[in-house]
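Enquirer: Sequence and predicted structure below; questions after.
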Amino acid sequence: MFRKELALVAIVLAVGICDLQAAQIASTWDGGGDGQFWRDADNWDPNIVPDNDANTFAVTIDSNSMGANKVQVHLQTRTVDQLDCYGEVELRSYTSGWVELILVNPAGLTNYGYLVIEELEIGGNVTNTTGATVELEDMGIEGDLYNPAGATIEVFYEVWVDAVENAGSIMIALAGKLDVEEGALHNTGQINIYGGACTAYGNILDNNDTGLIKGFGVLYVDQLLRNKGQIYAYGGCLAIDTDGPLVNEGILSNYPLSSLHMKPAVDVNNQGTIEVNAGGGVAFDCNLVNEPNGIIELLGGTLAATTITQKADANFAGFGGISGDVVIDPNGLIQITGPTNVVGDVTISPNATLEVSDGLTLITGHTTCNGTIRMLGGYIIPQGGLSGSCNVIWEPGLYTNVADFNLDGHVNLEDFALFADTWLWQSNWH
């Protein structure tokens, strides 16, 4: 009986010791030692270097609690449950080589202040919080990166991450590169590219309804680029390359003096809006089909594609430049509303209409018209020739009239007199 009681006591003690060994320690940086190195136990409260083994650690680094402007912590490879950072904190490698901070808990690393991570590999999820900023420099995250509304991520040099959920702001600096290697990049916030690159190798880039991607540099997507929000070239050329389809249900555009250049693997069927502003353009290295309810707004810039097909019930209006062949499907309509050059062939199908108003439209290629060319105070020059059974309609426009030779806004005998003086009396037969 006595032996049984001793055995029971031993089992209880053993279980208690195991529980004690597996206890989680709340570890706080106090900088009481050298003030820089994770490995120095005197920098921690309690004075134990956080590194999961017999015990596990939930770590807090807070420059505010220490009254310091910034805390800089140098690491060797460590494993802890989770890490919370407050105030201004900088995490960097202790050596010239790569080291890893492994975070066992799915909460991973959470930033509540201004956090800089340089030359480290984070093994776990990283979460920014509203009002906080994470600066990433030449580092990687084997986990997901979460950036909520009101939070900021700044990318310098090359940064790689498994997946990104962004509702805040991501800035990719000059020569910076954000590689999303395995999962998707979901954007409902802003991604600003200033001469850098954003690449989604692993899956898709989903720019949602409220998402904005803007800047100059490179945007690469391995599988699918789905845009329901806005993508703008700003400050230069934004090149978009995808090995899969580009689906546009939002806005693709260029700021003035900037260009948006896209190279998808397959033709683009536009179901959203394409805005083409002056001093630059929007170019597709493929065929472009403007689907019903799709919108193309030509606002003084150049729209380029191999072939641009205008479907019935699609909207295409404006002035500027068009580079590529143009096909207007039956019951389709394109409205040119000012001086425009078309560098390519134009095909106007039966019951389709090309409407030209308030200026000259020059077509350098051949024009095949079996539908209608309607000139409203404008006129068309089919420089490459005109063929087909075409219905040509001429009407005075609301603002201009090709018979208003003296440009006074009225068509009367003064215009006839100017015409006669200029052309009739100076003709060879006179």
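Expert: On my side now, so go ahead. Numbering: from 1, shown residues only.
Enquirer: looking at the sheet around the residue nearest in space to the middle of the chain, what are its partners?
Expert: Centroid check for the chain by CA atoms, centre = their mean gives residue 213 as the closest residue, at 3.0 Å. For residue 213, the beta-bridge partners are residue 191, residue 231 (DSSP bridges).
Enquirer: mind checking pLDDT for it?
Expert: Residue 213 is assigned a pLDDT of 98 by the prediction.
Enquirer: Repeat that for residue 54.
Expert: Residue 54 carries a pLDDT score of 89 in this model.
Enquirer: cool, residue 390 as well?
Expert: 95.
Enquirer: and if you look at residue 278?
Expert: You'll see residue 278 listed with a pLDDT of 97.
Enquirer: My guess is the residue nearest to the centre of the chain contacts residue 234. True?
Expert: No - with contact defined as CB atoms under 8 Å, residue 213 does not reach residue 234; the gap is 9.8 Å. Any C-beta I mention is one placed from the backbone N, CA and C, and that applies to glycine too.
Enquirer: tell me the contacts of the residue nearest to the centre of the chain?
Expert: Residues near residue 213 by CB atoms under 8 Å, 6 or more residues apart in numbering: 187, 190, 191, 193, 198, 207, 219, 229, 230, 231, 232.
Enquirer: separation between the fourth one and residue 32?
Expert: Distance of residue 193 to residue 32, computed by CB to CB, to the nearest Å: 43 Å.
Enquirer: Kindly report the same for the second one.
Expert: Distance of residue 190 to residue 32, computed by CB to CB: 41 Å.
Enquirer: Can you name the residues bridging to residue 120?
Expert: With DSSP bridges as the rule, residue 120 is bridged to residue 99.
Enquirer: ok, how many other residues are close to it?
Expert: Residue 120: 22 surrounding residues under other CB atoms under 10 Å.
Enquirer: Hmm, it is touching residue 76, no?
Expert: No - proximity of residue 120 to residue 76 does not meet the contact threshold set by CB under 8 Å, at 10.6 Å.
Enquirer: Name the residues contacting each of these two.
Expert: The contact sets of residue 120 and residue 76 overlap at residue 99 (CB under 8 Å, 6+ apart).
Enquirer: Where does the prediction get shaky in the chain?
Expert: Applying pLDDT under 70 to the chain flags the ranges 1-22, 397-430.
Enquirer: Helices along that one, start to end?
Expert: 2-21, 63-66, 413-419 (DSSP state H).
Enquirer: what about residue 193 and residue 32, which has more around it?
Expert: Counted by other CB under 10 Å, residue 193 and residue 32 do not tie: residue 193 has more neighbours, with 27 against 14.
Enquirer: Show the contacting residues for the more buried one.
Expert: 172, 213, 214, 215, 216, 217, 218, 219, 238.
Enquirer: How about residue 251?
Expert: 227, 229, 230, 231, 232, 272, 273, 274, 275.
Enquirer: right, and the second one touches residue 250 too?
Expert: When you say that, I think you mean residue 229. Yes - using CB under 8 Å, residue 229 is in contact with residue 250, at 4.7 Å.
Enquirer: which residues are common contacts for these two?
Expert: With contacts taken as CB under 8 Å, 6+ apart, residue 229 and residue 250 have 207, 209, 211 as neighbours in common.
Enquirer: Neighbour-wise, give me the winner out of these.
Expert: Neighbour counts for the shared contacts of residue 229 and residue 250 (other CB under 10 Å) peak at residue 207, which has 26 neighbours.
Enquirer: any idea how far it is from residue 29?
Expert: Residue 207 is 39 Å from residue 29, where distance means CB to CB.
Enquirer: again, but for residue 98
Expert: Counting by CB to CB, the gap from residue 98 to residue 29 is 22 Å.
Enquirer: Residue 230 now?
Expert: 42 Å.
Enquirer: what about those two, which has more around it?
Expert: Shown here are residue 230 and residue 29; by other CB under 10 Å, residue 29 has more neighbours (23 against 20).
Enquirer: which residues touch the more buried one?
Expert: Contacts of residue 29 by CB under 8 Å, 6+ apart are 43, 44, 45, 59, 60, 61, 62, 66, 71, 73.
Enquirer: wouldn't the last one be in contact with residue 38 here?
Expert: Yes - the pair formed by residue 73 and residue 38 meets the contact definition of CB under 8 Å, at 5.6 Å.
Enquirer: So if I had to pick from those two, which one is more boxed in?
Expert: Each of residue 73 and residue 38 has its neighbours counted (other CB under 10 Å); residue 38 has more, 23 against 20.
Enquirer: which ones are touching the more buried one?
Expert: 49, 50, 73, 74, 75, 76, 78, 94.
Enquirer: any idea which of the residues you listed has the most stuff around it?
Expert: Counting neighbours by other CB under 10 Å, the top entry in those is residue 50, with 23 neighbours.
Enquirer: What is the burial count for the residue nearest to it when sequence neighbours are not counted?
Expert: Ranked by CB to CB, 6 or more residues apart in numbering and with sequence neighbours excluded, the top spatial neighbour of residue 50 is residue 57, at 3.8 Å. Neighbourhood size, residue 57 [other CB under 10 Å]: 23.
Enquirer: Please look at residue 226 and residue 211 and confirm they touch.
Expert: No - assessed by CB under 8 Å, residue 226 is found out of contact with residue 211, at 10.1 Å.
Enquirer: still on that earlier bit, from the contacts of residue 38, which is closest to residue 387?
Expert: residue 75 (74.2 Å; CB to CB).
Enquirer: Check the gap between the spatially closest residue to that closest one that is not a sequence neighbour and residue 62 for me.
Expert: Nearest residue to residue 75, sequence neighbours excluded (CB to CB, 6+ apart): residue 38, at 4.7 Å. Note on residue 38: its distance to residue 62, by CB to CB, is 15 Å.
Enquirer: do residue 45 as well
Expert: For residue 45, the distance to residue 62 - CB to CB - is 11 Å.
Enquirer: now do residue 273
Expert: Taken as CB to CB, the span from residue 273 to residue 62 is 47 Å.
Enquirer: And residue 110, by the same measure?
Expert: Going from residue 110 to residue 62 by CB to CB gives 12 Å.
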